[in-house]
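Peer 1: Any chance you could fold what I've pasted below:
(chains A, B and C)
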Amino acid sequence: MSRGFGADIVVAGAGPAGIAAAVRARECGRSVLVLDDNPSAGGQIWRGEQSHGQGSFWLRRFAGCAAKLITSARIVDGDAQRRRLILETQDEAFALEYGKLILAIGARELFLPFPGWTTPNVMGIGGLQALVKSGLRISGKRIVVAGTGPLMLAAADYFRRHNAVVPVIAEQAGWIRLARFLLHLAKHPGKLCQAAVLRFGLRRSRYLASCWVEAANGNEKLESVRLRQDARVWDEDCDYLATGYGFKPNSELAELMNCRICNTGVDVDAFQRTSQEDIYAAGECTGIGGAELAIVEGETAGYAAAGRNDLAEKLFRKRSKARQFAAALERAFAPREELRRLPSAGTIVCRCEDVVWERLESMKSWRSAKLHTRCGMGPCQGRICGPILEFLLGLEPDSVRPPVFPARLESLVAANEIKEGICQ
Amino acid sequence: MARAALNESSFDIAVVGAGIVGAACAREFADAGLRTALIEPGVVGGGATAAGMGHIAVMDDSEAQFALTRYSQILWKQLAERLPADGEYVRCGALWVAADEAEMAEVHRKQRYYSERGVPVEILDSHSLAQAESNLRPGMAGALLLPDDAVAYPPCVAKFLVNEALELGAKLIQGRRVAAIGGGTATLDDGTKISSLNFVLANGIAAPVLMEGLPIQPRKGHLVITDRYPGFVQHQMIELGYLRSAHASDIDSVAFNVQPRPSGQLLIGSSRQYGSNDSGVDAQIIGAMLKRAFEYMPGLRALSAIRSWTGFRAATPDKLPLIGPCPGREDVYLATGHEGLGITTSLGTARVLADLVLKRECAIETTPYAPERTSHPLADARGSVQIGGARGSVQTMRSI
Amino acid sequence: MTECGAEEIVELRINGTGVRVRAGTSVAAAVLLSGEPVFRRSVSGEGRGPLCGMGICFECRVTIDDLEHCRSCQILCRDGMEVRTA
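Peer 2: Residues are numbered from 1 along each chain as shown, chains lettered A, B, ... in the order given. Below is the predicted model of the structure:
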């Protein structure tokens, strides 16, 4: 195959940050190609969005901006020196070149293990929501929502609007933290309103602070969960448990392309530039902060990548404000100490390889855990169990290797075959 | 052996590097009653031991290589009896695959060689090969089957050997690197001094750092592992061209080599490159390696690859390891330079070295591995002449 | 879309049984709708189902048209698909 260019600007990820970046870069006249590994754009939060909110507003702008979109395309490798990405779709694999790359690859939920967490129908909060968005019917089902953060309210409300019953929303943070967070929300009246509306809609659900799931019960299918709030422990029958304890940035592709990673995620400067030339990053992959921050970071990256730093600078103040909200989020909803004691000796920690807690609790490094127990050697390559060991034991994850996601062997041969003229 | 003044921290022998070679050595010394130390900066079995394929192979490159691999293979069988499950030792056998009649002639030659030396061996013709491995592409000429070849998971074997050594009284000093050895003392990177009557360098490509002038070069290799496909491959399978690749000194080369893991995953190799110390995965090498693999097993194309990685083999000019006293150093021994056979020959190396240190009779001839041979003019990395009656001659490489 | 604008239906088979879903339904949703909570067996034999819903956890893997290890949460149902769970 002959050489060709992908686009002036390639955006990895069609969530809020990626969409915003694409729209702004197109406004500046650059050719833009957006890639997403899901069947449609929107990211975890806006995919399948029907209502008239912020999401559909941006999705409409994106649809009208003439950026090229390739869905169901997974990036499996990247070469920063050659400015190249290797992609895999359902049927083929190819390399494409970028002038500038904007990584808007988002984040994933942080799961913490407890007895029974591997039972079918125990899902992430975003996980269950994604399934409902892609056709799962939950009418009449009982869903316990447990974990931490404002996402729980939004998701519970989503479930309620799809006619599920949400008996309990269990928030691990205590009331004092929640109250402080509410005070901060007061600075953002729009958000406060949002929260109040959600809470009212969920008035038939018990919203409990200092509450978490201790165990999930059921044989091959969830039947009930055991909840604890302070000294009180009780069982709640349910069909699904939607549980998640926050988010972890998807920084693996950035790391593979030798971008510096800091303690919040991909390290970026004021113009959303990573440490690697011509690679930008925006949104949750640079640090967890919610949709508003993702949008303004995406816009900043889109302007900057298009050579319009002047326009990017105009967004700095808005971004600062959005970052304050992100910081408040982190303070309020950091998982508490008690959650470290949830797994029992036989609780599976690495789901891909079925490695139980008692084999891991004395490990001194991620590498020794991996090499000596197989933890992290499965297809998820430590994406689920890595953050768990980081939380439970303070272990830092291992180096990233290609493919950044499992890919067909034949796709790994595509590195030298460039796709011609994707974007005219 | 010189005798140093005894004090609390003295050891009889200190092994540098807890890869599978160092771990095996430490175990032998501890078993023999020596006060043994094992010094490892990282994770036990975390270096080349973790990067390689874990194929326990008999090889016929030279009499010396045959002797060491076959001896080791028998020691592995004995070890397997007490190895825990996570060592994953499986005697699945190896198939050296011949693509054409010329390679088949080589198969026959090898069969005679091994037969004469009492190694179980069988020739499979085209039809029986297709039956033995249904995912090989049709039209192969046949193969050599070595039923005693096995596979194992080296990091856990290394850990097991270290644990046995500890139970026998050895001491593991972990998390610190040896910065220098001199005057009966190993100085660690934090300044700690370990006094020992003898030292063993079992630290692979890092050995020349401690002993300048050691003829060891890193030889980079790549591997890819797939998701679980139980039954896709039954035996360790290697193309005969692998041997050309292993011989080649200055060309980047790939050869088809696939291993069925007990998990059902497939481990796919192999590649060799000189002159690189960049541990990054080279997409072009991976591409060439996989293309070669597809020529033998087209069905691999659609399988899911989970991860690729690299490792550095410690290579010597004559392709035999350095086992024995270091020339010019009374108290330092070497157990390194194993190239692609470190996993296999770890056990034999440990026995040979222990026999040399303790002046016991050894089951095999030890002079071919003597480090002092390297102080004589030796064909350098560019040549292909081997010492010790080997039959090899320069073979053309499949360059990429 | 059909001529009268009604929603398009896709027909596929899950473990040999015919299932009808709306176009745009993921294979994972279809499997759950068919009443099967177990997608795969873990290394130690546990039944597992989807967790993350975004192609990261690999718990939703099923065999689609004889291709193993397909992440069903990111694949849309197509007419005539053959899906097999554990």
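Peer 1: Got the phi and psi for the nearest residue to B:Ala50 once chain neighbours are set aside?
Peer 2: The shortest distance from B:Ala50 to any non-neighbouring residue, by Cβ to Cβ, 6 or more residues apart in numbering or on different chains, is to B:Pro155 (4.8 Å). For glycine as for every other residue, the C-beta is placed from the backbone atoms N, C-alpha and C. When read as degrees, to the nearest 10, the backbone of B:Pro155 gives phi -60, psi -40.
Peer 1: How about C:Arg78?
Peer 2: According to degrees, to the nearest 10, C:Arg78 has phi -130, psi 150.
Peer 1: measure it to C:Thr17 for me?
Peer 2: 17 Å (Cβ to Cβ, to the nearest Å).
Peer 1: Between those two, tell me which one has more neighbours.
Peer 2: Neighbours were counted for C:Arg78 and for C:Thr17 using other Cβ atoms under 10 Å in any protein chain shown; C:Arg78 has more, 14 against 11.
Peer 1: give the contact list for the more buried one.
Peer 2: C:Val10, C:Leu12 (Cβ atoms under 8 Å, 6 or more residues apart in numbering or on different chains).
Peer 1: which parts of chain B sit against chain A?
Peer 2: B:42-46, B:50, B:86, B:155-156, B:159, B:224, B:226-227, B:268, B:281, B:283-284, B:286-287, B:290-291, B:293-294, B:300-309 (Cβ under 8 Å from any Cβ of the partner chain).
Peer 1: Mind giving me the PyMOL command for buried ones among those?
Peer 2: To isolate in PyMOL the members of those that are buried, counting by 16 or more other Cβ atoms under 10 Å in any protein chain shown, one can use:
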select buried, chain B and resi 42+43+44+45+46+50+155+156+159+224+226+227+268+281+283+286+287+290+293+294+300+303+304+305+306+307+308+309
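Peer 1: so of the residues of chain B next to chain A, which ones are in helices?
Peer 2: Members of the residues of chain B next to chain A lying in helices (criterion: DSSP state H): B:Ala50, B:Pro155, B:Cys156, B:Lys159, B:Ala283, B:Gln284, B:Ile286, B:Gly287, B:Leu290, B:Lys291, B:Ala293, B:Phe294.
Peer 1: ok, so of those residues, who is nearest A:Ala304?
Peer 2: B:Ala283 (28.5 Å; Cβ to Cβ).
Peer 1: So that closest one sits against A:Ala407, correct?
Peer 2: No - using Cβ atoms under 8 Å, B:Ala283 is not in contact with A:Ala407, being 11.9 Å away.
Peer 1: okay, and the common contacts of the two?
Peer 2: Joint contacts of B:Ala283 and A:Ala407 (Cβ under 8 Å, 6+ apart) are A:Asp77.
Peer 1: got any ranges where the stretch 51-200 of chain A has weak pLDDT?
Peer 2: Scanning the stretch 51-200 of chain A for pLDDT under 70 picks out A:51-52.
Peer 1: need the residues of it near chain C, please.
Peer 2: A:72, A:74, A:90, A:108-109, A:111, A:118, A:120-124, A:126-132, A:134-137.
Peer 1: Would you map the strands across chain C?
Peer 2: C:9-14, C:17-22, C:40-41, C:47-48, C:61-64, C:67-71, C:82-84 (DSSP state E).
Peer 1: which neighbours does the second one have in its sheet, and in what orientation?
Peer 2: Sheet neighbours of strand C:17-22, with direction, are listed as strand C:9-14 (antiparallel) (DSSP bridges).
Peer 1: Now the partner strand: buried residues?
Peer 2: Going by 16+ other Cβ under 10 Å, strand C:9-14 has these buried residues: C:Val10, C:Leu12, C:Ile14.
Peer 1: and that strand, average pLDDT?
Peer 2: Mean per-residue pLDDT for strand C:9-14: 97.
Peer 1: And it, how far out from the chain middle?
Peer 2: 10 Å (Cα atoms, centre = their mean, to the nearest Å).
Peer 1: do stretch A:32-51 as well
Peer 2: With Cα atoms, centre = their mean as the basis, stretch A:32-51 stands 13 Å off its chain's centre.
Peer 1: For chain B, which residues are neighbours of chain C?
Peer 2: Counting by Cβ under 8 Å from any Cβ, the residues of chain B that sit close to chain C are B:Asp227, B:Arg228, B:Tyr229, B:Ser263, B:Ala302, B:Ser304.
Peer 1: Could you work out the most separated pair of these?
Peer 2: Among the residues of chain B next to chain C, B:Ser263 and B:Ala302 lie farthest apart (Cβ to Cβ), at 19.1 Å.
Peer 1: Tell me the one of the buried residues of strand C:9-14 nearest chain B?
Peer 2: The shortest approach to chain B among the buried residues of strand C:9-14 belongs to C:Leu12, at 20.5 Å (Cβ to the nearest Cβ).
Peer 1: any idea which residue sits dead centre in chain C?
Peer 2: The structure's chain C has its C-alpha centroid closest to C:Val27; by Cα atoms, centre = their mean the separation is 2.4 Å.
Peer 1: Distance of that one relative to B:Tyr153?
Peer 2: In terms of Cβ to Cβ, C:Val27 sits 34 Å off from B:Tyr153.
Peer 1: Need the pLDDT of B:Ile216.
Peer 2: For B:Ile216, pLDDT reads 95.
Peer 1: isn't it right next to B:Arg313, touching?
Peer 2: No - counting by Cβ under 8 Å, B:Ile216 does not reach B:Arg313; the two are 9.8 Å apart.
Peer 1: hang on, the earlier thing: can you say which of the residues of the stretch 51-200 of chain A next to chain C are buried?
Peer 2: A:72, A:74, A:108-109, A:111, A:118, A:120-124, A:126-132, A:134-136.
Peer 1: residue ranges with poor pLDDT in chain B?
Peer 2: Where chain B drops to pLDDT under 70, the residues are B:1-9, B:245, B:247-250, B:376-400.
Peer 1: Strands of the stretch 101-250 of chain B, start to end?
Peer 2: For the stretch 101-250 of chain B, strands defined by DSSP state E, counting those that start in this stretch occupy the ranges B:122-125, B:142-146, B:150-151, B:171-174, B:178-182, B:185-188, B:193-201, B:217-228, B:236-239.
Peer 1: which phi and psi does A:Gln324 have?
Peer 2: Torsion angles, degrees, to the nearest 10, at A:Gln324: phi -60, psi -40.
Peer 1: try the one 3 residues further on
Peer 2: The phi and psi torsions at A:Ala327 (degrees, to the nearest 10) take the values phi -70, psi -40.
Peer 1: Pull the number of nearby residues for it.
Peer 2: 12.
Peer 1: if I look at it, how far off is chain B?
Peer 2: Per Cβ to the nearest Cβ, to the nearest Å, A:Ala327 is found 35 Å from chain B.
Peer 1: same check, this time on C:Pro50
Peer 2: Counting by Cβ to the nearest Cβ, the separation of C:Pro50 from chain B is 17 Å.
Peer 1: Tell me which residues touch that residue, please.
Peer 2: Contacts of C:Pro50 by Cβ under 8 Å, 6+ apart are A:Met123, A:Gly127, A:Leu131, C:Ala28, C:Leu32, C:Phe39, C:Cys57, C:Glu59, C:Cys60, C:Ser72, C:Cys73.
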